[in-house]
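**Q** My questions concern the predicted model and sequence given below.
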Amino acid sequence: QVQLVESGGGTVQAGGSLRLSCAASGRALTNYVLGWFRQSPGKERELLTAVTWSEGRTYYADSVKGRFSVSRDNAKNGINLQMNNLKPEDTAVYYCALKLRGTQDWKTWGQGTQVTVAS
């Protein structure tokens with residue numbers, strides 16, 4: 001059974017940068033899509049970006065396009081999320097998730113990592 005572990009959260013000033021990592025264990029990722037979500041209090045969980053492991057095709061939500069960048073990390077068997085020009089509204093718990101290509105169900109989730117952007 002695959003497990004996802006996020007790291008790299010923390011507190012940063014507005015305009016700063018953070019890099020999150022997600023490491024997957026227990027499964028090869030060839031037929032999977034990995035994504036980053038976030039959720040802040042009182043809001044629904046939001047898909048920010050996703051990448052197909054085998055092809056590297058990416059998706060970005062409009063809210064983060066141009067500021068966030070997802071990349072595959074073969075050494076860690078996972079993905080990274082580079083977040084630049086952070087804003088206070090980016091404050092949330094960030095989750096890594098995994099789904100099978102061609103499906104809608106994000107079946108596996110990490111435990112989440114807190115990102116706080118101070119104004």
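**A** Yep, it's here.
**Q** alpha carbons only for contacts and neighbour counts from here, please
**A** Will do.
**Q** What score does the most centrally placed residue in the chain have for pLDDT?
**A** With the centre of the chain defined as its mean C-alpha position, the nearest residue by Cα atoms, centre = their mean is residue 36, 2.4 Å away. Per-residue pLDDT puts residue 36 at 98.
**Q** what's near enough to touch it?
**A** 47-50, 81, 94-97 (Cα atoms under 8 Å, 6 or more residues apart in numbering).
**Q** Could you do residue 99 as well?
**A** Taking Cα under 8 Å, 6+ apart as the test, what residue 99 contacts is 32-34, 105-108.
**Q** Return the helix or strand in which it is found as CSV; C-alpha atoms alone will do.
**A** Using DSSP states H and E, residue 99 sits within strand 92-100. Taking Å, rounded to 0.1, in the frame of the first residue of the first chain, the C-alpha atoms of strand 92-100 are listed here in CSV:
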residue,chain,number,x,y,z
ALA,A,92,-3.4,26.6,4.6
VAL,A,93,-2.7,22.9,5.3
TYR,A,94,-1.1,21.5,2.1
TYR,A,95,-1.7,17.9,1.2
CYS,A,96,-0.1,15.6,-1.4
ALA,A,97,-2.4,13.1,-3.0
LEU,A,98,-2.3,10.2,-5.5
LYS,A,99,-4.7,8.8,-8.0
LEU,A,100,-4.6,6.3,-10.9
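**Q** downstream neighbour of that strand in the secondary structure list?
**A** strand 108-109.
**Q** Mind listing residues that contact that following strand?
**A** 2-4, 95-99.
**Q** Just give the number of residues close to the residue nearest to residue 36 when sequence neighbours are not counted.
**A** Among residues not flanking residue 36 along the chain, residue 96 sits closest, at 4.7 Å (Cα to Cα, 6 or more residues apart in numbering). Applying other Cα atoms under 10 Å, we find 32 residues neighbouring residue 96.
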